[in-house]
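>>> Structure, please.
(one chain, ligands or ions: 1)
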Amino acid sequence: MTIEVRVDPLTGHSSRILPERGRMPASDLDLEAFARQSQPGCPFCPGRVDQLTPKLTARIHPGGRITRGAAVLFANLHAYSSHSSVSVYSPESHYLPLGQITPRLLADNLATQVAFAKTVMAADPPSRWASINANHMLPSGARCFTRICRDRGFPADHDAAHARGRAPAAV
Ligand SMILES: [Zn+2]
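Predicted coordinates for the structure are as follows:
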């Protein structure tokens, strides 16, 4: 797979262009029915989210999890950068179709991500860049039934690679 890196000659900013992979085939999967089926074992639902999700280290956030409104942010079990988190829109909303995401749910989720990025950058100054990405339930390619955003801080070598106009290897 070839990933094209383009550099804006005016700003020096770079971006990655992924190759066309085609669209997902049409599916008649009943997401709502699957939600009912998967809920009993969901680690992000009430009663389990505080027990089964990994805590942030005390150095990053002494409480282990960051909450804003209904949103709950915790450490990413499968971290893929120096600091990686997951934020659930609302443990109460196991099934949350895109059309039911309210401005409040989105704002609260992003507020947890901003709080996480700020505390990471304060605790680990070389981490100066953050990226927020969203996976929304199975059609997004998520392995489990989720409605989450992920955040990750980058180490200083990202800055050096960015300044050279190249995408960092860690992305
Ligand atoms: Zn759930």
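
>>> Tell me which residue of the protein lies closest to the ion.
Cys42 (3.0 Å; C-beta to the ion). In this view, the C-beta of every residue, glycine as well, is placed from N, C-alpha and C.

>>> Nearest residue to His94 in space, please, no chain neighbours.
Gln39 (4.9 Å; C-beta to C-beta, 6 or more residues apart in numbering).

>>> partners of Ser84 in the sheet?
Arg152 (DSSP bridges).

>>> Next, count neighbours for it.
18 (other C-beta atoms under 10 Å).

>>> Quick check: pLDDT value at the nearest residue to Leu29 once chain neighbours are set aside.
Closest residue in space to Leu29, ignoring its immediate chain neighbours: Leu138 at 7.2 Å, by C-beta to C-beta, 6+ apart. At Leu138, the model reports a pLDDT of 70.

>>> Surely Leu138 and Phe34 touch.
Yes: using C-beta atoms under 8 Å, Leu138 is in contact with Phe34, at 7.3 Å.

>>> More neighbours: which of these two?
Leu138 (18 against 14).

>>> just to revisit the earlier point, and the residue nearest to His94, what pLDDT?
pLDDT, read off for Gln39, is 89.

>>> same deal with the one 4 residues further on?
Among the per-residue scores, Pro43 holds a pLDDT of 91.
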